[in-house]
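> Need coordinates for the following:
(chains A, B and C)
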Amino acid sequence: MRGITKRFPGVVANDAVDFTAAPGEIHALLGENGAGKSTLMKILYGFYQPDAGEIRLHGTPRVFRSPKDALRAGLGMVFQQFMLVPSLSVVQNVLLGLPSQGWRLDERAAAASLAAAAARYGMAVHPWARVWQLSVGEQQRVEILKLLARGADVLILDEPTAVLTPQETRDLFDTLRRLAGEGRTIVVITHKLSEVMAAADRVTVLRAGRLVGTTPTAATSPRALARMMVGRETFDLPERDPVTPGPVVLEVRDLWADGDRGPDALQGVSLAVRAGEIVGVAGVAGNGQRELGEIVAGLRRPTRGRVVIAGRDRTGAGPLDAIRAGLGHVPEDRLGTGVAPRLSVADNLILKSYRDSRFGRGPLLNRQTVHQVARTLIRAFKIQTPGPDTPAGTLSGGNVQRLILAREISAGPRAILAFHPTRGLDIGATEAVHRALLAQRRAGIGVLLISEDLDEILQLSDRVAVLCGGQIMGVVRPGDVTVEQIGLLMGGTRLAVPEETA
Amino acid sequence: MSLLPAAVFAAAVRAGTPVLFATLGEIFAERSGVLNLGVEGMMLVGALAGFVTTAETGNPWLGLLAAGAAGGVLSVVHAVLSVTLRANQVASGLALTIFGTGLSASLGKSFVGVPAAGFVLAPVPGLERLPFVGPVLFRQDPLVYLSYALVPLAWYALYRTRWGLNVRAVGENPEAADAMGIDIARVRYACVVIGGVLAGFGGAFLSTAYTSMWIENMTAGRGWIAVALVIFATWDPLRAVVGAYLFGGVNALQLHLQASGTGLPVYLMLMAPYVFTIVVLVFATRETARRRLGAPAALSVSYSRTG
Amino acid sequence: MRLERRPPSRLAAAAAPVVSILAALAAGGLMLAASGVNPFAAYAVLVSDPFGSAFGWSETAVKATPLILTGLAVLLPARMRLWNIGAEGQLQCGAIGATWIAVFTPIGHSALAVPALLLVGMGAGAAWCLVPAILRAWLSVNETITTLLMNYVALLLVDFLIYGPWQDPQGRGFPLSPVLPASAKLPVLVPGTRIHLGFALALLAVAATAFVLTRTRWGLEIRIIGDNPDAARYAGINLTRNILLVMAAAGALAGLAGAGEVSAVSGRLQQGLSPGYGYTGIIVAWLARLHPVATVLVAFLLGGLFLGGDGLQISLNLPIAVVYMLQGLIFFFVLGGEQLAGSRVRIGPRAPAEGGR
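I've put the predicted structure just below:
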């Protein structure tokens, strides 16, 4: 790829980027969130057309108008959102749209060749299992097998390890190495330095849409890469004043719960959050975090155990009860759960507090009061919006999050549940969220922070609980352990480190 | 059960057949992700087309073709609105029903009371003499036999062909299907048209086989019952048979009770099929929730490719 | 052919429904011509009958009255993403309730007859709508199908009553209930016309619905649920209670329409009490884009269409079903027009999508 430029309204995603990958190598594409890595690969895969530049495959210039073109040319991309049909089996998913098929489905033959291919590359698959029953790692393997079945000899993987345990990550790179060993080209988009050093032969670094450089991994170091990625050597850590934690404001005791995937998504989880502290819950997605969050917020019932908010047992009571008990909730899915997108900013700001008597007598709603309060909150929390009547869905991600924070914080909660609060936000918005959470901590609110971003958890939390397979593997202080040790906890190994009593 | 003559069971099969056609058709449409609430309108249009063609040409098989064509053409409108224009599928289906009801009633006005020679009973020689099963299953109209053939055909097409796999994928996860090179629009159009054609067949059965006449609104809600039965059938052609014949059974039973003069008020008994369908829907909803079987995940959600 | 999303300009958004309706009428004209009817003659009747004279307007208002109410009966649940296709059955139950009170109880012959029959009618409609509402709220049963099936049951109930226990002894065997007593007839609002109290009540209902939606807590809850049920749950809003309340209110509105029709228009319970007002209510709600105030305008339009259809029957011997055909066409074209207004048409091979990251 040479001189690739791509502009979107308001941003230049790729600015004259050059990128080459050779057969038989694993090439990492490194950069922070928003650096343009995904866009570059999506251009290669035919999702977008570049505004400038050209693509050459095996030396011949090519134009890919759609992913189908790219697939036919031997490119295959594994996205973060898998392109699998959950209710169909593995075999059926691999067979879907396969050009070599006749009009009849021959699942048995397909299963046999599938098993053979899987064995060859060190992957374990259950051909007849339905995709929704598989773990994320297994689903990813199906995606890869799908592409191999179509004869892909260039494989692009977009943040493949975001959802894997350390063991699964090792298996994945093992597979990729075998595939590369047969002459295929592997491109891995990632932001994890450790993986780049461990698995890649060469690495290309992008920053803010521009190419910073390409180098063999043997010739560089994590620090050098970090510098190329970020442009500066040190990271700004938000200030954390020492705060003495007060009484327990939020507690779960011996929580057991079933999840959407099956029973016992949570097994005997106990955790306490005190006033003035941030407790982080770390772990690979899918290990019970969602169920934990939903139970605390009153959106799911546990099969066993207790939820105590501000000293009162709220187990099994609904979300309204949790709200009334003083729980603020910044949900995982901003637009999907946290706001009503077509309603105004003002209406969204009173989404939970409209029952308050200050907004009107009896059944009536006093729109003037609503507007007043809305304007105050917009100012105080610096929500960028044309006005209180703008539909909330038109705000940028960061401003939607500011809206949600404004709403939750202004309600004067005793405890806040923050679930992936900075997912998909740019650096400025992320810092704003972090500052807000730390301010709450200083003000004596207890914060339960559930996040996939280990860095975020380590930066913000006073204590970190690691969730794996629905159980708490350990509760540690960020200063006391190394990242590797946390990684082990996330992967399911309990430490010999004496645990904090939760 | 032995209290009831075999004739009642035969009547159940007959009464269930139009609904079976419509249900099978709607299963295809919904499996591809398109909710088609216009079944009632398509059945009526098919019924009229079938009747008129039969009356004019004397050939009920031509009538069947005409009925299928009529239902199919009407369903294309729904497909255009739902798939290409991405309009709200519920609204589009309702519009189709209103239009189809009005169209058939207007055009059919001059055919009320007109006689036509429809299908005649065609017993299968030999098979019809089997005990119990014989008279029930094999002393029926040719269209009933057609419906017998359609069920395994539908099953095979859906589960054992590449096309059927595409249909199922499109209905569950169109993004994935699109990424794998499947033309979503083409699959959905095909399935909606199949639904329309089969609904037309169901209507034709009513006007050329079950009876041989045209009455305004003669489907009396069977199209809607078919939509409900699709849920009961958990979108599977084999279970559709069970649902359709159960419905037919309620119908036949109610007629039998009327005929044998049990003194129950006629109009209250006529309510039975509708109440039955509601009850069936309640159980079907609970069961699909419990067994984690669901509607095709992309049902009634318009698809557009996003970057 | 493909469509790409593009937010409609204000002009397009406003013009789309008008253009769509005109296009629908044009298509209808073609269909009429194809079946041997002079479309211009037909449309002349369709326009002049309802809108060409003061009396025509008043009759249109009479037809618009139940349409406003059934339109609201579909609109209110639709704001919460519920489809109430059962307005027709709820209307019939309202008529049944009103007939019962007026004919078969002493209240019906007293001064309280009118308020009583209106209230009972509303109650009956609400009760009829509560059955599917309960099934939806507690058992997640699809309300689209259940409300519709209840229509058929309601119509059979009416048949049962007027062929059976409520058959007018002086009706010479026709399926009719006894005539409602004079005390139970809704007062006429404009002398010389048939515009009755129901019209005023319908306008009141519009105002009340608009008020509830914009200025009450309940209305906010409805709008939140309608916009994003997940957010509503997250905010602690009780979905079950709201489903029941909204559907009951909708049923009451449709029941009010039925009570009005039986009391002021037909004078007795009979078949054909409603030429499908409940179903047309769906179109009213949709064309009004779920804004209560707009239902008045749309109801007049569609009411005029019904009136014109009556005229077509008389002067051109066309079946009333032509009106349904036209209504269906209007619905189609408006649906399609909305989508086209909000998109740009592209013909040709697919180019990859543009858009954000």
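
> okay, CA-based contacts and neighbour counts for the rest of this
OK.

> Look up phi and psi at A:Ala272.
Main-chain dihedrals, A:Ala272, degrees, to the nearest 10: phi -130, psi 140.

> That one pairs with what?
With DSSP bridges as the criterion, A:Ala272 is bridged to A:Glu251.

> Could I get the contacting residues of it?
Neighbour list for A:Ala272: A:Val248, A:Val249, A:Leu250, A:Glu251, A:Val252, A:Ala502 [criterion: CA atoms under 8 Å, 6 or more residues apart in numbering or on different chains].

> Out of those residues, who's the most crowded?
Highest neighbour count within the contacts of A:Ala272: A:Leu250, with 27 neighbours (other CA atoms under 10 Å in any protein chain shown).

> thinking that residue is in contact with A:Arg274, fair?
Yes: with contact defined as CA atoms under 8 Å, A:Leu250 and A:Arg274 form a contacting pair (6.9 Å).

> residues shared between the contacts of these two?
Each of A:Gly446 lies in contact with both A:Leu250 and A:Arg274 under the rule CA under 8 Å, 6+ apart.

> Quick check: C:Gly226 vs A:Gln80, distance?
Counting by CA to CA, to the nearest Å, the gap from C:Gly226 to A:Gln80 is 31 Å.

> buried set for stretch A:371-379?
Judged by neighbour count using 16 or more other CA atoms under 10 Å in any protein chain shown, the buried positions of stretch A:371-379 are A:His371, A:Val373, A:Ala374, A:Arg375, A:Leu377, A:Ile378.

> With stretch A:383-392 instead?
Those would be A:Ile383, A:Thr385, A:Pro388, A:Thr390, A:Pro391, A:Ala392, for stretch A:383-392 by 16+ other CA under 10 Å.

> A:Leu417 sits in which helix or strand?
Remark: A:Leu417 resides in strand A:415-419, with elements defined by DSSP states H and E.

> List the strands paired with that strand, with their directions.
Assessed with DSSP bridges, strand A:415-419 is paired to strand A:327-330 (parallel), strand A:446-450 (parallel).

> Show me what the longest helix seen in chain B is packed against.
Longest helix of chain B, by residue count under DSSP state H: helix B:6-31. Helix B:6-31 sits against helix B:39-57, helix B:133-137, strand B:139-140, helix B:142-160, helix B:162-172, helix B:184-205, helix B:222-232, helix B:237-259, with contacts defined as 3 or more CA pairs under 8 Å, 6 or more residues apart in numbering or on different chains; DSSP states H and E.

> B:Ala49 and B:Trp61 touch, don't they?
No: at 11.7 Å, B:Ala49 and B:Trp61 do not qualify as touching, with contact defined as CA under 8 Å.

> More neighbours: which of the two?
Between B:Ala49 and B:Trp61, B:Ala49 has the larger neighbour count (other CA under 10 Å), namely 30 against 19.

> gap between A:Ile144 and chain C?
Relative to chain C, A:Ile144 is positioned 24 Å away (CA to the nearest CA, to the nearest Å).

> Contacts only, for that residue.
A:Ile144 makes contact with A:Val78, according to CA under 8 Å, 6+ apart.

> before we move on, back to that, what would the strands paired with strand A:415-419 look like in JSON lines with mean neighbour count and distance to B:Ala117?
Putting those into JSON lines (neighbours: other CA atoms under 10 Å in any protein chain shown; distance: least, CA to CA, whole Å) gives the following:
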{"stretch": "strand A:327-330", "mean neighbour count": "27", "distance to B:Ala117": "70"}
{"stretch": "strand A:446-450", "mean neighbour count": "28", "distance to B:Ala117": "73"}
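
> Can you name the residues of the stretch 51-200 of chain B sitting close to chain C?
Proximity of the stretch 51-200 of chain B to chain C, by CA under 8 Å from any CA of the partner chain, involves residues B:81, B:84-88, B:91-92, B:95-103, B:105-106, B:109.

> 7 Å instead, please
Residues of the stretch 51-200 of chain B found near chain C (CA under 7 Å from any CA of the partner chain) are B:81, B:84-85, B:87, B:92, B:95-96, B:98-99, B:102-103, B:105-106.

> how about the residues you listed in CSV, adding neighbour count?
Output for those, formatted as CSV (neighbours: other CA atoms under 10 Å in any protein chain shown):
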residue, neighbour count
B:Leu81, 23
B:Thr84, 20
B:Leu85, 24
B:Ala87, 25
B:Ser92, 28
B:Ala95, 30
B:Leu96, 28
B:Ile98, 27
B:Phe99, 29
B:Gly102, 27
B:Leu103, 23
B:Ala105, 27
B:Ser106, 20
